[in-house]
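Trainee: Predicted model and sequence follow; I will ask about them next.
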Amino acid sequence: MTRSVDPSTGKRSYAASASLLLQRTSSQTPKAIGVEFVNNGQTYTVAASKQVILSAGSLKTPQILELSGIGDAKSLQQLNIPVVIDMPQVGENMIDHPTTAAGYQVKDGTLTLDILTNNQTFLDEQQALYDATGTGAFTFTAQVTGSFPLKSISSPAVYGAMRSALDSALQGMTLTPMQQKQYNLLKSWADGGKIGWVMPHEFSRGSVHINSADPLASPLIDPKYMSMQFDLDAQTLGGHFLRTWVTGSPLSDLIVGPTVPGASVVTDADWQNYIRASLVTTHHPIGTTAMASKSLGGVVDPRLNVYGTKNLKVVDAGIIPMTVARRSRPRYMLSLRR
């Protein structure tokens with residue numbers, strides 16, 4: 001179990017493998033009255049004096065809800081978990097910022113921050129310089145980000161073909177009401193949106209669900225990265241653009257050539273094979289307990305209450321229904337809405 005303390009109030013927060021204690025009221029609305037959790041093999045029960053607020057994250061909050069009987073009824077019944085609320089949308093709509101990295105060898109004399117990881121003498125010198133004068137390598141930015149409209153890194157023919165294929169794919173899918181709303185927005189953003197080596201607005205949707213009634217078992221996480229061809233095509237365009245940009249002036253004055261992937265990666269098929277093999281998460285999963293209207297398939301309302309319950313709120317990134325082309329750090333402010 002982990003514990004954190006708010007330095008301003010001294011309040012303690014605890015986290016562990018847990019499930020909710022839900023009680024039926026006279027109105028038959030389940031009311032959260034506490035939490036049961038396991039720590040070091042011992043089961044503990046904590047009663048809530050006011051309400052239960054979940055902030056276990058996009059990957060663990062759905063697990064806690066499902067263990068507590070809030071989720072897809074058919075799946076819960078298969079695990080012999082009593083169904084409290086049939087809510088199939090719990091754990092669905094997982095969205096992330098999938099990213100692919102590429103490496104380039106720089107020319108001799110070009111300083112990169114890699115030297116801070118493999119040259120202890122240089123690291124010590126730069127640390128002392130920064131401590132004394134506030135200058136040196138520690139003032140360099142570790143990361144520079146930028147974005148480009150998708151149309152600007154592809155030809156009209158290529159972009160048009162991608163959009164047509166996307167429309168055809170969506171027409172052949174059975175979409176939830178929320179997905180229909182989301183995809184209409186995403187298609188409008190694609191015309192003037194942003195695409196880089198990080199995919200800021202993916203069409204692919206993943207999920208996270210339990211496959212065991214054991215609270216200590218990890219949930220099944222299926223991000224389904226690049227399951228939509230449009231996402232893979234967009235990442236491929238990003239790879240081509242990155243190669244052209246880095247090997248062109250003025251960066252070509254600093255670069256010897258590509259290392260990962262190597263210069264032999266040229267065609268769309270080459271890039272797609274590389275992307276599938278090397279794509280990773282940026283650890284920004286959201287959407288698995290989405291804030292949206294109940295008719296669209298939302299899990300929480302605008303006040304963060306879990307639909308169909310009393311005294312139960314969710315305040316983590318899982319409530320964010322769609323990605324933005326930025327980091328998800330504003331999630332730390334979500335609890336202020338409670």
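Mentor: In hand now; what should we look at? Numbers count the residues shown, from 1 in each chain.

Trainee: mind checking the SS state of Ile221?
Mentor: strand (DSSP: H, G, I helix; E, B strand; the rest coil).

Trainee: Number of residues surrounding Gly71?
Mentor: The number of residues packed near Gly71 is 28, by other CB atoms under 10 Å. C-beta: built from backbone N, CA, C; applies to glycine.

Trainee: Surely it and Pro88 touch.
Mentor: Yes. If you go by CB atoms under 8 Å, Gly71 and Pro88 touch, sitting 7.2 Å apart.

Trainee: Apart from its neighbours in sequence, what residue is nearest Asn80?
Mentor: Spatial nearest neighbour of Asn80, excluding adjacent residues (CB to CB, 6 or more residues apart in numbering): Ala213 at 6.3 Å.

Trainee: The nearest residue to Met162 once chain neighbours are set aside: neighbour count?
Mentor: Closest residue to Met162 apart from its sequence neighbours, by CB to CB, 6+ apart: Asp233 at 5.1 Å. By other CB under 10 Å, 22 other residues sit near Asp233.

Trainee: Local confidence estimate at Asp233?
Mentor: In this model, Asp233 is scored at 93, pLDDT.

Trainee: Centre of the chain to whichever strand or helix holds it, how far?
Mentor: Assigned by DSSP states H and E, Asp233 belongs to helix 229-247. Using CA atoms, centre = their mean, to the nearest Å, the distance from the centre of helix 229-247 to the centre of the chain it belongs to is 21 Å.

Trainee: Using PDB, write down the CA coordinates of it.
Mentor: The C-alpha coordinates for helix 229-247 follow below in PDB (Å, rounded to 0.1, in the frame of the first residue of the first chain):
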ATOM      1  CA  GLN A 229      -5.500   2.100 -40.500                       C
ATOM      2  CA  PHE A 230      -5.800   5.900 -40.500                       C
ATOM      3  CA  ASP A 231      -3.600   6.100 -37.300                       C
ATOM      4  CA  LEU A 232      -0.900   3.900 -38.900                       C
ATOM      5  CA  ASP A 233      -1.000   5.900 -42.100                       C
ATOM      6  CA  ALA A 234      -0.600   9.200 -40.200                       C
ATOM      7  CA  GLN A 235       2.300   7.800 -38.200                       C
ATOM      8  CA  THR A 236       3.900   6.700 -41.400                       C
ATOM      9  CA  LEU A 237       3.600  10.200 -42.800                       C
ATOM     10  CA  GLY A 238       5.200  11.400 -39.700                       C
ATOM     11  CA  GLY A 239       8.100   9.100 -40.200                       C
ATOM     12  CA  HIS A 240       8.700  10.200 -43.800                       C
ATOM     13  CA  PHE A 241       8.400  13.900 -42.700                       C
ATOM     14  CA  LEU A 242      10.800  13.400 -39.800                       C
ATOM     15  CA  ARG A 243      13.400  11.800 -42.100                       C
ATOM     16  CA  THR A 244      13.100  14.600 -44.700                       C
ATOM     17  CA  TRP A 245      13.200  17.300 -42.000                       C
ATOM     18  CA  VAL A 246      16.200  16.000 -40.100                       C
ATOM     19  CA  THR A 247      18.300  15.300 -43.200                       C
END
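
Trainee: tell me the mean pLDDT for the helix or strand following that helix?
Mentor: Using DSSP H and E, the next helix or strand after helix 229-247 towards the C-terminus is strand 255-260. Averaging pLDDT along strand 255-260 gives 86.

Trainee: Now do the buried residues in strand 255-260.
Mentor: Pro258 (16 or more other CB atoms under 10 Å).

Trainee: and what of stretch 239-254?
Mentor: In stretch 239-254, counting by 16+ other CB under 10 Å, buried: Gly239, His240, Phe241, Leu242, Arg243.

Trainee: Okay then, goodbye and thanks.
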